[in-house]
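Engineer: 3D model of this:
(one chain, ligands or ions: 1)
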Amino acid sequence: MKMYINGEFTSGKAKERITVIDPATEETLGDAPRGTSEDARAAVAAASASFPDWRRAPANERTAALHQIAAKIRAHHDELVRLLTKEEGKPLPENDEELWWVEETFDYYAELARHERGRVIPPGEPGQFNFVLKEPYGVVGCIVPWNYPLLLLAWKMAPALAAGNTVVIKPSELTPLSTLRLVEVACDHLPPGVVNVVTGYGPETGEPLVTHPDVPVIAFTGSLAVGQRIASLAAPMMKKLHLELGGKDPMVIAPDATMDMAVSGLAYAALINAGQVCTSTERVYVHESMFGRFSEELADFVGKLRLGNGLDEGTDIGPMIRDKFREKVEGQMADAVGAGANILTGGRRPSEFGRGFFLEPAVVTGVDHTMRLMREETFGPVIPIMPYKDFDEAIALANDCQYGLGASLMTHDARLVKRFFEEVKAGTIWINDPLTDNFAGPFGGMKMSGLGRELGQEGLDEYYDVKHVHWDVEGGVKEYWYPY
Ligand code: NAD
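Structural biologist: Predicted structure coming up:
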């Protein structure tokens with residue numbers, strides 16, 4: 001496939017191509033240009049040139065254009081679901097849901113953005129008319145990871161366009177094909193330059209966006225390390241940064257929690273997308289009164305989940321994206337076992353597949369906060385569980401982490417719920433229903449999980465700059481001017 005710059009599919013200045021493989025079979029799926037900094041600059045030039053007209057387009061026009069994107073994606077829904085499954089690995093039902101979210105996100109922001117563009121405020125001086133204008137910034141650089149390539153793209157692209165910005169998209173080098181195909185099938189009605197895609201590696205095509213003087217906003221989802229690199233590059237230019245970074249989400253199981261809800265809810269929260277979700281539950285604290293029984297039931301439940309190719313019906317868990325990510329997870333488990341942890345189930349590479357980056361989902365006990373498995377982001381199918389004595393300790397453990405993305409609690413005790421949502425520092429709190437989203441509510445992290453929010457009104461406001469207009473309608477010489 002080719003990059004998309006100024007309404008044309010092109011290989012740009014790329015001299016090489018990046019091979020994209022299916023993580024379930026390790027077979028080649030296709031390839032994309034290894035873009036260069038010149039390609040990134042060409043895309044920024046196209047996006048800058050199209051900005052004046054796009055920002056002036058009436059709300060009805062932009063709303064219609066965004067609804068059209070949603071409709072065109074829906075018309076290619078099944079094809080995109082299959083491509084995403086082959087490229088990223090997670091099972092078909094999870095990609096079916098990802099595409100549904102993508103389509104609805106474009107519809108949601110199409111409507112939200114025509115709703116208001118600021119506010120009128122009371123004047124500070126007689127005769128003045130004062131109002132606050134929300135204005136688009138210009139070109140937004142959207143840098144996207146591989147784990148939800150289209151969803152995390154839509155959460156940036158839809159509000160950025162709806163607010164009147166133009167975009168340059170940099171998909172992950174591991175998953176460029178679904179992004180290119182989405183743009184190919186759904187963006188052909190937009191004026192050239194409004195949407196552009198440059199493919200390639202982060203330092204070669206991402207950094208030129210981050211340092212380009214005509215890209216005032218960088219919307220990035222990815223790892224903490226790359227987020228820190230982007231923040232340091234952008235700081236001298238005072239760019240607006242929207243950073244959705246890593247997580248190490250806790251789940252607390254209270255003693256009153258129903259066993260089947262807690263076991264199956266936890267397995268879902270920790271293992272969806274083979275644990276490769278920024279908000280995966282990666283640390284679990286179970287009340288000591290139920291720890292033994294809970295561990296056994298969890299291990300039994302997880303041991304029965306079906307690992308397989310995401311295209312096969314009945315697959316619960318697909319492969320990990322690449323071997324190096326699997327090795328990192330295995331390394332964390334080996335360190336924990338070396339320090340006294342026990343793997344109750346899973347943790348091995350299954351022998352039956354032969355190929356693909358599969359890892360059996362694991363349940364690990366005997367863990368504590370000295371272990372990397374309980375401190376660093378794992379991003380794989382592992383559930384480490386640890387007992388706690390009382391709720392004070394559970395909250396202290398939940399907060400003992402550099403990240404603050406999400407946190408979950410399983411209980412029907414309203415007193416515990418109130419303490420949890422007030423005292424745990426995380427951008428999203430889930431009670432009894434982990435990892436759900438809502439278009440109308442913001443998603444994002446506290447502490448080192450990032451800056452800014454996606455979804456909701458907050459997710460649209462990220463793409464507006466704010467201007468306060470003081471207008472003395474009558475005009476005239478003021479008594480507070482010179483001479484005093
Ligand atoms: P990554 O940071 O390696 O890459 C993300 C994107 O940044 C890719 O497109 C990559 O090419 C690009 N990139 C890499 N180096 C760059 C540089 N120097 N300058 C500019 N761009 C650069 O992350 P990943 O492995 O693709 O994704 C997994 C990570 O993403 C995990 O840490 C996960 O927690 C995080 N994530 C966060 C959220 C959230 O909403 N908070 C959601 C999903 C994933």
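Engineer: From now on I want contacts and neighbour counts done on CA atoms only, so please keep to that.
Structural biologist: Will do.
Engineer: SS state for Glu98?
Structural biologist: helix (DSSP: H, G, I helix; E, B strand; the rest coil).
Engineer: hmm, what's the outermost residue in this structure?
Structural biologist: Within the chain, Pro483 marks the point farthest from the mean C-alpha position, 56.8 Å out by C-alpha atoms, centre = their mean.
Engineer: how close does the spatially most central residue of the chain sit to Glu26?
Structural biologist: The chain has Leu152 as the residue nearest its centroid, 4.6 Å off, counting by C-alpha atoms, centre = their mean. The gap separating Leu152 from Glu26 is 24 Å, by C-alpha to C-alpha, to the nearest Å.
Engineer: try Arg322
Structural biologist: Taking C-alpha to C-alpha, one finds Arg322 at 9 Å from Glu26.
Engineer: residues making contact with the helix or strand harbouring Arg229?
Structural biologist: Element membership of Arg229 [criterion: DSSP states H and E] is helix 224-234. Contacting residues not belonging to helix 224-234 are listed as 207, 210-211, 220-221, 241, 243, 245-246, 448-449 [C-alpha atoms under 8 Å, 6 or more residues apart in numbering].
Engineer: Quick one: mark the members of the residues you listed that sit in strands.
Structural biologist: 220-221, 241, 243 (DSSP state E).
Engineer: average model confidence for the host helix or strand of Val167?
Structural biologist: Counting by DSSP H and E, the element that carries Val167 is strand 166-170. The predicted model assigns strand 166-170 a mean pLDDT of 99.
Engineer: so His242 touches Phe220, yeah?
Structural biologist: Yes - at 6.1 Å, His242 counts as touching Phe220 under the criterion of C-alpha atoms under 8 Å.
Engineer: neighbour count winner among those two?
Structural biologist: More crowded of His242 and Phe220, by other C-alpha atoms under 10 Å: Phe220, with 27 against 24.
Engineer: Which strand residues bridge that one?
Structural biologist: Beta-bridge pairing of Phe220, defined through DSSP bridges, involves Ile143, Leu243.
Engineer: Domain boundaries for the chain, per the record?
Structural biologist: Domain assignment of the chain by automatic domain parsing yields the ranges 3-245+449-469, 249-431.
Engineer: returning to that earlier point: pull out the buried residues from the strand holding Val167.
Structural biologist: 166-170 (16 or more other C-alpha atoms under 10 Å).
Engineer: partner strands of that strand, parallel or antiparallel?
Structural biologist: When DSSP bridges is applied, strand 166-170 pairs with strand 139-143 (parallel), strand 195-197 (parallel).
Engineer: Now the longest one: average pLDDT?
Structural biologist: Over the span of strand 139-143, the pLDDT mean works out to 99.
Engineer: At the contact with the ligand, which residues of the stretch 251-400 of the chain appear?
Structural biologist: 277-278 (C-alpha under 6 Å from any ligand atom).
Engineer: Helices of the stretch 251-400 of the chain, residue ranges please.
Structural biologist: For the stretch 251-400 of the chain, helices defined by DSSP state H, counting those that start in this stretch occupy the ranges 259-271, 291-303, 323-338, 372-375, 391-399.
Engineer: CA atoms of the first one as PDB?
Structural biologist: Included here for helix 259-271 are C-alpha records, laid out as PDB according to Å, rounded to 0.1, in the frame of the first residue of the first chain:
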ATOM      1  CA  MET A 259     -17.100 -15.000  43.000                       C
ATOM      2  CA  ASP A 260     -18.300 -15.600  39.400                       C
ATOM      3  CA  MET A 261     -18.500 -11.800  38.700                       C
ATOM      4  CA  ALA A 262     -15.100 -11.200  40.100                       C
ATOM      5  CA  VAL A 263     -13.400 -14.100  38.400                       C
ATOM      6  CA  SER A 264     -14.900 -13.600  34.900                       C
ATOM      7  CA  GLY A 265     -14.800  -9.800  35.100                       C
ATOM      8  CA  LEU A 266     -11.100  -9.900  36.100                       C
ATOM      9  CA  ALA A 267     -10.200 -12.400  33.300                       C
ATOM     10  CA  TYR A 268     -11.800 -10.100  30.800                       C
ATOM     11  CA  ALA A 269     -10.200  -7.000  32.100                       C
ATOM     12  CA  ALA A 270      -6.700  -8.600  32.200                       C
ATOM     13  CA  LEU A 271      -6.800 -10.700  29.100                       C
END
